[in-house]
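In: any chance you can model this:
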Amino acid sequence: MKLSQEKAEALRARKNSKRISCLTAYDYPIARLLDEAGVDVLLVGDSLGMVVLGYPDTTHVTMEHMLHHVAAVARGNTNALVVGDLPIHSYDTPEQALANAKLLVAAGADAVKLEGGLRQADKVKLIVGAGIPVFGHMGMLPQRVLEEGGYKKKGKSEEEFEAILAGCRALEHAGVFAIVLESVVADTAKRLTEALGVPTIGIGCGNQTCDGEVAVITDLVGGYPWFVPPFAKPQTDISGDITKAVQWYNEQV
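Out: Residues are numbered from 1 along each chain as shown. As a prediction, the model looks like this:
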């Protein structure tokens, strides 16, 4: 784990300096392509539940799913920091969190990510104490989509800002090397970034409000045409190219 810790610390040290690029990856070829293109972090996100496995949200993802995809991504990676998501109900207790974090590392992850702040601090501290880097996640928390009744923008009020900040500080003090901020109002994301001593990695938080950005790979390359988040910036149309290639193939056959 020494190399993984060094990678995580190197990213943490980029606070207020060089911005951090992060993309999701779920399989060997995409992981290899992203790594060779110079992406800093490969996140094996539980978003795979939707864009790979066809579930309506991330609450159906299991540890078995995550271990399978983390291993595939790790085989395609050489330089990037590979982060594996702890799926819902895989970190309900500190002991369970540590045990499953160790499983993700055994599968090839350099670090793990979990959602939430104050209630997760003790789990983060235990995992970090075992030598495993932890990536935090605040703002909109996809694993709570059912209890919250949908995906809602966060940080719209001063009260929400203070609550998110308290959670982020708890994670920071527990030892995370960075924190994802998801779907946080731009001004709030900027204030959080300025207030924290660890890098913030934004998604759906506006432009240049965080120390880095994370995107779902299918959003970036146009690989999931059935739903495109309003903040996504597709740079190509892989789904369209696949359709054309298959139509050409059908004609040739």
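In: what segments of the stretch 51-200 of the chain are helices?
Out: With DSSP state H, counting those that start in this stretch as the criterion, the stretch 51-200 of the chain has helices at 63-76, 94-107, 121-129, 145-148, 158-174, 186-195.
In: pick out the shakiest of these, pLDDT-wise.
Out: Lowest mean pLDDT within the helices of the stretch 51-200 of the chain: helix 145-148, a mean of 83.
In: show me what it is in contact with.
Out: Contacting residues not belonging to helix 145-148 are listed as 57-59, 141, 151 [CB atoms under 8 Å, 6 or more residues apart in numbering]. In short, each C-beta sits where N, CA and C put it, glycine included.
In: just the buried ones from these?
Out: Neighbour counting over the contacts of helix 145-148 (16 or more other CB atoms under 10 Å) leaves 57-59, 141, 151 as the buried ones.
In: tabulate the helices of the stretch 51-200 of the chain (JSON lines), appending mean neighbour count.
Out: Formatted as JSON lines, these follow (neighbours: other CB atoms under 10 Å):
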{"stretch": "helix 63-76", "mean neighbour count": "20"}
{"stretch": "helix 94-107", "mean neighbour count": "19"}
{"stretch": "helix 121-129", "mean neighbour count": "20"}
{"stretch": "helix 145-148", "mean neighbour count": "12"}
{"stretch": "helix 158-174", "mean neighbour count": "18"}
{"stretch": "helix 186-195", "mean neighbour count": "19"}
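In: could you dump these to JSON lines with distance to residue 87?
Out: Shown next, in JSON lines, are the helices of the stretch 51-200 of the chain (distance: least, CB to CB, whole Å):
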{"stretch": "helix 63-76", "distance to residue 87": "6"}
{"stretch": "helix 94-107", "distance to residue 87": "9"}
{"stretch": "helix 121-129", "distance to residue 87": "14"}
{"stretch": "helix 145-148", "distance to residue 87": "13"}
{"stretch": "helix 158-174", "distance to residue 87": "19"}
{"stretch": "helix 186-195", "distance to residue 87": "25"}
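In: of all the ones you listed, which one is nearest residue 244?
Out: helix 63-76 (26.2 Å; CB to CB).
In: just the CA coordinates for the closest one, please, in CSV.
Out: Provided in CSV are the C-alpha atoms of helix 63-76 (Å, rounded to 0.1, in the frame of the first residue of the first chain):
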residue,chain,number,x,y,z
MET,A,63,-19.6,-5.7,-3.2
GLU,A,64,-19.5,-8.6,-5.8
HIS,A,65,-20.2,-6.1,-8.6
MET,A,66,-17.5,-3.7,-7.3
LEU,A,67,-14.8,-6.3,-6.8
HIS,A,68,-15.4,-7.6,-10.3
HIS,A,69,-15.1,-4.2,-12.0
VAL,A,70,-12.2,-2.9,-9.7
ALA,A,71,-10.2,-6.0,-10.7
ALA,A,72,-10.8,-5.3,-14.4
VAL,A,73,-9.9,-1.6,-14.1
ALA,A,74,-6.7,-2.4,-12.1
ARG,A,75,-5.5,-4.8,-14.9
GLY,A,76,-5.7,-1.9,-17.4
